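**Q** Sequence and predicted model, in that order:
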Amino acid sequence: MKKSLLIFGILICNLIFAQKVKVLNFGTFHMAYTPDAHSYKFDAKDQKNINETYEIAKMIAKFKPTIICIEKVPNETYKLNNDYSNFLKNKDYKTFYGGEIALIAYQVGKIAGVNKLYAIDEQEISYYNFNIGNQLKNQVDSLSEKKFNAEIFKEFDEIEKLSTLQKLKRINTKKYLDQNININADNLTYVSTKGNFEGADEASVFYHRNLRIFSNLNQIPVTKDDRIFIIMGAAHTAFLNEFMKRSPKYELVDVKKYLK
């Protein structure tokens with residue numbers, strides 16, 4: 001009896017794992033205003049940039065998503081989808097949402113025939129002070145975070161010279177995404193006064209936000225036939241990759257397969 005139950009359990013697990021939902025988890029830089037610690041210069045009204053992002057949207061649309069998730073909070077869902085619906089109906093409509101949402105997410109949705117977008121960001125938790133390393137007095141180690149971050153920012157500055165497509169290719173590499181976890185969270189663990197955890201506590205706020213983003217994603221009803229396209233700032237992409245790599249529900253699809 002016990003053996004039969006064990007075999008049945010294994011079969012059920014194999015069935016679940018065989019039906020993972022495919023996800024194209026796409027990291028981007030923000031193509032509109034952002035309060036982030038680092039940003040790339042980008043003119044969303046420049047026709048060359050509009051043309052290039054449209055070509056990128058066509059590449060991504062080959063993934064054939066049925067669900068698209070973006071970096072807005074869920075309480076904006078109605079406004080977002082009203083804006084998106086007007087975009088689909090009228091080619092001359094001026095969208096309320098700009099940046100990568102209008103330039104890439106909307107275009108991918110239109111090409112792929114997706115009628116609804118999902119907002120999965122989370123910003124209702126306490127304030128996240130990523131600049132605490134420059135503010136805290138009497139630190140045990142006042143140099144490590146600054147040194148490690150400077151090395152990362154130096155590489156980010158080199159990416160500034162690339163085209164939009166080349167930027168996005170670099171952003172969606174494991175090295176770049178890992179650096180985003182470092183610079184937004186892990187490097188803060190070097191920031192503290194004796195016996196305290198000021199930097200680690202700030203890093204935990206950012207981890208908390210991304211766990212909630214993942215929870216928002218998990219609340220979307222899906223079937224095994226759905227294909228999810230997520231477009232968010234690279235730091236969120238990096239965290240979601242880590243969560244989904246271990247998930248029994250999702251199968252990450254390599255972004256390089258679509259960014260040609």
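**A** Great, that's in hand.
**Q** so what's the nearest residue to residue 207 once chain neighbours are set aside up against?
**A** Nearest residue to residue 207, sequence neighbours excluded (Cβ to Cβ, 6 or more residues apart in numbering): residue 185, at 6.1 Å. (Glycine included, C-beta is placed from N, CA and C.) Neighbour list for residue 185: 203, 206-207 [criterion: Cβ atoms under 8 Å, 6 or more residues apart in numbering].
**Q** Turn these into CSV, columns for distance to residue 78, secondary structure and neighbour count.
**A** Shown next, in CSV, are the contacts of residue 185 (distance: Cβ to Cβ, whole Å; DSSP: H, G, I helix; E, B strand; the rest coil; neighbours: other Cβ atoms under 10 Å):
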residue, distance to residue 78, secondary structure, neighbour count
203, 33, helix, 22
206, 28, helix, 20
207, 29, helix, 15
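**Q** So what touches stretch 31-51?
**A** By Cβ under 8 Å, 6+ apart, the list of residues contacting stretch 31-51 reads 29-30, 53, 98-100, 102-103, 130-131, 153, 156, 159-160, 164, 167, 183-184, 233, 235.
**Q** Just the buried ones out of the residues you listed, please.
**A** Among the contacts of stretch 31-51, those scoring as buried are 29-30, 53, 99-100, 102-103, 130, 156, 159, 164, 167, 183-184, 233, 235 (criterion: 16 or more other Cβ atoms under 10 Å).
**Q** start to end distance for stretch 178-192?
**A** Start and end residues of stretch 178-192 are separated by 22 Å (Cα to Cα, to the nearest Å).
**Q** quick check: mean pLDDT across that stretch?
**A** Averaging pLDDT along stretch 178-192 yields 96.
**Q** same deal with stretch 137-157?
**A** Averaged across stretch 137-157, pLDDT comes to 94.
**Q** Could you list the residues in contact with that stretch?
**A** 38, 133, 179, 182-183, 187-188, 190-194, 199.
**Q** quick one: which of the buried ones among the contacts of stretch 31-51 sit in strands?
**A** Counted as lying in strands by DSSP state E, out of these, are residue 233.
**Q** Which ones among the buried ones among the contacts of stretch 31-51 lie within helices?
**A** 53, 99-100, 156, 159, 164, 167, 183-184, 235 (DSSP state H).
**Q** Show me which of those is closest to residue 110.
**A** Looking at these and their distance to residue 110, the nearest is residue 53, at 13.0 Å (Cβ to Cβ).
**Q** can you tell me how far the closest one sits from residue 107?
**A** In this view, residue 53 and residue 107 are 7 Å apart by Cβ to Cβ, to the nearest Å.
**Q** Residue 148 - how many residues pack around it?
**A** 16 (other Cβ atoms under 10 Å).
**Q** what secondary structure does it sit in?
**A** Secondary structure, DSSP: H, G, I helix; E, B strand; the rest coil: residue 148 is helix.
**Q** Work out the gap between stretch 214-233 and the centre of the chain.
**A** Remark: stretch 214-233 is offset 12 Å from the chain centroid, using Cα atoms, centre = their mean, to the nearest Å.
**Q** Just the buried positions in it, please.
**A** 214, 216-217, 222, 227-233.
**Q** do the same with stretch 188-201
**A** Here stretch 188-201 shows 188-192, 198-200 as buried, counting by 16+ other Cβ under 10 Å.
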